[in-house]
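Chemist: what shape does this take:
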Amino acid sequence: MKRILFVCTGNTCRSCMAEGIFKDLIEKDVSARDSFTAASAGLTAFDGDNASENAIRALKDEWAIDIGCHRARRLNEREIKEADLVLTMTRNHKDSILSVLPEAKSKVFTLKEYVYSKGNDPAMREYNYALDILDPYGMPLNVYKKCARDLRETIGHLIKKLKESS
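Modeler: Numbers count the residues shown, from 1 in each chain. Predicted structure coming up:
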């Protein structure tokens, strides 16, 4: 089973929404259900923090996905080494991981970079920051829902790509 690790800053918004969406979509896909698993963590997370109220509400309102039991976890080297694929929400998250663990370069990407790459060098110097998943932290619910829809669309493509490469 391939382990996908989603990473953001605090593990209370984007990465936990990505994990919840991924698990929901995988559970509904019989052909992928036993092939992939997901987890999430944050670079500066406070262990045990709840998912933000708006992150919980956005997923519940949009797709009846419940991440209310999520507890934030700070990213550690062991998790990176054990993951088959580490997908960050921004280029800065990716760069932070690779500055500590450069040997993980072959499996650390931004989510959109990995999904939408057309064979370009993943370490491209001219990074398109439009490939970042914007942080909804502290914003109104509609911003969280927009972020969640962006994540769901991208993760749908991610699952197709993972299935094709398995």
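Chemist: buried set for the lowest-mean-pLDDT helix or strand in the chain?
Modeler: Each helix and strand of the chain was given a mean pLDDT (mean pLDDT, DSSP states H and E); the minimum falls on helix 111-116 at a mean of 94. With burial defined by 16 or more other Cβ atoms under 10 Å, the residues of helix 111-116 counted as buried are 111-115. To be clear about C-beta, it is placed using only N, CA and C from the backbone, and glycine gets the same treatment.
Chemist: now flag whichever of those residues is closest to residue 130.
Modeler: Sorting those by distance to residue 130 puts residue 112 at the head of the list, at 8.3 Å, by Cβ to Cβ.
Chemist: the closest one is in contact with residue 134, isn't it?
Modeler: No - taking contact to mean Cβ atoms under 8 Å, the distance of 11.1 Å between residue 112 and residue 134 leaves them out of contact.
Chemist: just for the protein, where's the confidence low?
Modeler: For the chain, residues meeting the criterion pLDDT under 70 lie at 118-127.
Chemist: and the residue sitting nearest the centre point of it, what does it touch?
Modeler: Taking Cα atoms, centre = their mean as the criterion, residue 6 is the residue nearest the geometric centre of the chain, at 3.2 Å. With contact taken as Cβ atoms under 8 Å, 6 or more residues apart in numbering, residue 6 is in contact with 14-16, 18-19, 22, 38-41, 87-89, 111.
Chemist: fine, thanks again, bye for now.
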